[in-house]
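Visitor: Could you work out the structure for the sequence below:
(one chain, ligands or ions: 1)
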Amino acid sequence: MSSSWWEIQILGHPALEETIFWRLENFGCRGVVSEAQADSCLMRAYLHQDRVQMLDLAALSLWLRQDAIAIDLPPPGTRWHLIEEEDWSSSWKEHWQPTDIGDRFIVYPAWLDPPQGSDRILLKLDPGVAFGTGAHATTQLCLESLEMRFSLGEEHPVIADIGCGSGILSIGAALLGAKKIYAVDVDPLAVKAARANQALNNISSEIMVVEEGSLDRIPSLANHQPVDAILCNILAETIVELVPQMSAIAAPHTWGVISGVLLEQAKPMADVLEQHGWIVATLWKRQEWCCFNIRRS
Ligand SMILES: C[S@@+](CC[C@H](N)C(=O)[O-])C[C@H]1O[C@@H](n2cnc3c(N)ncnc32)[C@H](O)[C@@H]1O
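Guide: Sure, this is the predicted structure:
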């Protein structure tokens, strides 16, 4: 692997920020940061050189133009250039600061000292190239849902985290008192990051197990026992494919937190969940995203 990264810079209307953010994350970019400018918003994102071809970057620029035109906004300007590994790390590390999430968590970058004087649960992260710094609305909604579940007296559940990314949700669950978490991701770099973050937060392998793969890895990891909860923050298209498999790891008491779903996808997603025996208990919204709190019965 080479050690160069693409730095992608997008200058666009502030109303496009969320759409651009999600496009970049889905494109595989890491460390997406935004900076307010006079009448616009400058976003920077980073992508390992080996993960993308120049043509893909041109396609990304086209999608971003189409997204803007579809909602009658001027197309954003997109440019990219290669930077060295060291410059990548320092560029986005500068921008990421400790963030309060919900009532209980504070997520902070591993390269800073722990925030002082906070009575919140400290969640220390170095996401590397994986998704999940806590900056995205869907991650926040999932962590807040977990917090809500535990505040209702949830007793040490066994949890499956499908698409764990940096491991942020699994680590959050462990810090709240989960008994066991099986975290899986199809991206080997996410697995590496999640394991590193597990160690940063001193979570033992007795409590959290991270493996490459998807939902179909869970039965063997969990000794063919159902789990008490399922976390899944992936794109709606992927979740729809996974929902039928969720029954195989669920018991009548199992609950779930499902996000990565755009508001306009909420109704079809609820239909799919209900068709497969899930009850939508609550639907939380933030910006253009939603998060389903579901249960089996
Ligand atoms: C939006 S990120 C979520 C990361 C983290 N759980 C969070 O909430 O911030 C989605 C993750 O799902 C992974 N992923 C995508 N498709 C998947 C699949 N079919 N099974 C498991 N993981 C998948 C991606 O590699 C990515 O790390």
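Visitor: Pull the number of nearby residues for Glu84.
Guide: Applying other Cβ atoms under 10 Å, we find 11 other residues in the vicinity of Glu84. Backbone N, C-alpha and C define where each C-beta goes, glycine included.
Visitor: Over to Gly153?
Guide: If you count neighbours by other Cβ under 10 Å, Gly153 ends up with 6.
Visitor: for Trp284, same thing?
Guide: 18.
Visitor: buried set for stretch 232-241?
Guide: Using 16 or more other Cβ atoms under 10 Å as the test for burial, stretch 232-241 gives 232-236, 239-240.
Visitor: how far does it sit from the chain's center?
Guide: 12 Å (Cα atoms, centre = their mean, to the nearest Å).
Visitor: quick one: that stretch near the ligand?
Guide: Yes. Contact between stretch 232-241 and the ligand, assessed by Cβ under 6 Å from any ligand atom, occurs at 233-234, 238.
Visitor: So which of these are in helices?
Guide: Of the residues of stretch 232-241 next to the ligand, the ones assigned to helices by DSSP state H are Thr238.
Visitor: between the residues of stretch 232-241 next to the ligand, which is nearest the ligand?
Guide: Asn233 (3.6 Å; Cβ to the nearest ligand atom).
Visitor: show me the contacts for that closest one.
Guide: By Cβ atoms under 8 Å, 6 or more residues apart in numbering, Asn233 lies in contact with 138-139, 142, 163, 165, 169, 257-260.
Visitor: Apart from its chain neighbours, what residue comes closest to Leu42?
Guide: Glu35 (4.7 Å; Cβ to Cβ, 6 or more residues apart in numbering).
Visitor: quick one, what contacts that neighbour?
Guide: Here Glu35 is in contact with 41-44, 95 (Cβ under 8 Å, 6+ apart).
Visitor: Quick one: distance of the host helix or strand of it to the chain centre.
Guide: Per DSSP states H and E: Glu35 is located in strand 30-36. Distance, stretch centre to chain centre, for strand 30-36: 15 Å (Cα atoms, centre = their mean).
Visitor: lowest-confidence helix or strand of this protein?
Guide: When the helices and strands of the chain are scored by mean pLDDT, DSSP states H and E, helix 85-93 comes last with a mean of 66.
Visitor: helix, strand or coil for the residue of the chain positioned farthest from its centre?
Guide: Residue farthest from the centre of the chain, counting by Cα atoms, centre = their mean, is Ala38 at 29.5 Å. Under DSSP: H, G, I helix; E, B strand; the rest coil, Ala38 falls in the coil class.
Visitor: repeat for the one 5 residues further on
Guide: Going by three-state DSSP, the secondary structure assigned to Met43 is strand.
Visitor: now swap in the one 4 residues further on and tell me
Guide: When classified by three-state DSSP, Leu47 comes out as strand.
Visitor: Pretty sure it sits against Asn26.
Guide: No. Counting by Cβ atoms under 8 Å, Leu47 does not reach Asn26; the two are 11.7 Å apart.
Visitor: Between the two, which is the more surrounded one?
Guide: Between Leu47 and Asn26, Leu47 has the larger neighbour count (other Cβ under 10 Å), namely 23 against 13.
Visitor: ok, which residues in the stretch 51-200 of the chain are in contact with the ligand?
Guide: Residues of the stretch 51-200 of the chain lying near the ligand (Cβ under 6 Å from any ligand atom): 130-132, 139, 142, 162-165, 168-169, 184-187, 190.
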